[in-house]
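>>> Just to be clear, the model below is a prediction. Sequence and coordinates:
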Amino acid sequence: MKKGGKAGVNTKTGLKFEGKTDLSTFLSKQKGYKVKEGNVYYNNEMVARVFKKNGFYKFLEEFGIEWKKIIRGKIIPDDCIFVIVENKLFIIECKFQQTPGSVDEKLQTCDFKKKQYQKLLAKANIDVEYVYLLSEWFKKEKYQDVLDYIHSVGCYYYFEYIPLNKLGLPVPETK
């Protein structure tokens, strides 16, 4: 995944950050996409499923996964999308910051959280990717060490924008 990508280069091919991003809403506005009851369709073919917050735990129940028997504390994703053809769940954490604060340290937890999600999904044999969608605030030089760390542990980040193709989703044709 591309480090330091440009925001808004082509908002038709990626998830644009707007402070509080909603993946379902974004996808439903893209050409060829429709989202109904958490199911994502592209040209009438189901390509993914989206979950917010506790919806992730309903997804686990479908596989007979009892999370309390696997991890001790509940972790709640901002957004996640299960891309069917990839057999991969993308955990998307949106971090918006305008002043120094606790979010700074939360970025350092991605490795632990990704491993927790991997433990939860091991029984279902589903791969996990952990992605931060960051506001421009985190482009400051003081964050370079933590951004390097995020990549070093196999997690990813984007500034303001995640390309659909990086999520394994079809990209609508442009004229």
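Okay, I see it.
>>> And the strands in the chain?
Using DSSP state E, the strands of the chain run over residues 14-16, 33-36, 39-42, 45-52, 79-83, 88-95, 127-134, 156-159, 161-163.
>>> Including distance to residue 68, mean neighbour count and mean pLDDT, could these go into a markdown table?
Just so you know, the C-beta spots here come from the backbone N, C-alpha and C atoms, and that holds for glycine as well. Converted to a markdown table, those look like this (distance: least, CB to CB, whole Å; neighbours: other CB atoms under 10 Å; pLDDT from 0 to 100):
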| stretch | distance to residue 68 | mean neighbour count | mean pLDDT |
| --- | --- | --- | --- |
| strand 14-16 | 31 | 23 | 52 |
| strand 33-36 | 30 | 16 | 95 |
| strand 39-42 | 27 | 18 | 97 |
| strand 45-52 | 18 | 19 | 95 |
| strand 79-83 | 19 | 23 | 95 |
| strand 88-95 | 19 | 21 | 94 |
| strand 127-134 | 19 | 22 | 95 |
| strand 156-159 | 29 | 22 | 93 |
| strand 161-163 | 31 | 22 | 84 |
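>>> Next, format those as a markdown table and append distance to residue 107.
A markdown table is the format used below for the strands of the chain (distance: least, CB to CB, whole Å):
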| stretch | distance to residue 107 |
| --- | --- |
| strand 14-16 | 18 |
| strand 33-36 | 29 |
| strand 39-42 | 28 |
| strand 45-52 | 21 |
| strand 79-83 | 17 |
| strand 88-95 | 7 |
| strand 127-134 | 7 |
| strand 156-159 | 8 |
| strand 161-163 | 16 |
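>>> nearest to residue 144, of those?
Nearest to residue 144 among the strands of the chain is strand 156-159; the distance by CB to CB comes to 11.8 Å.
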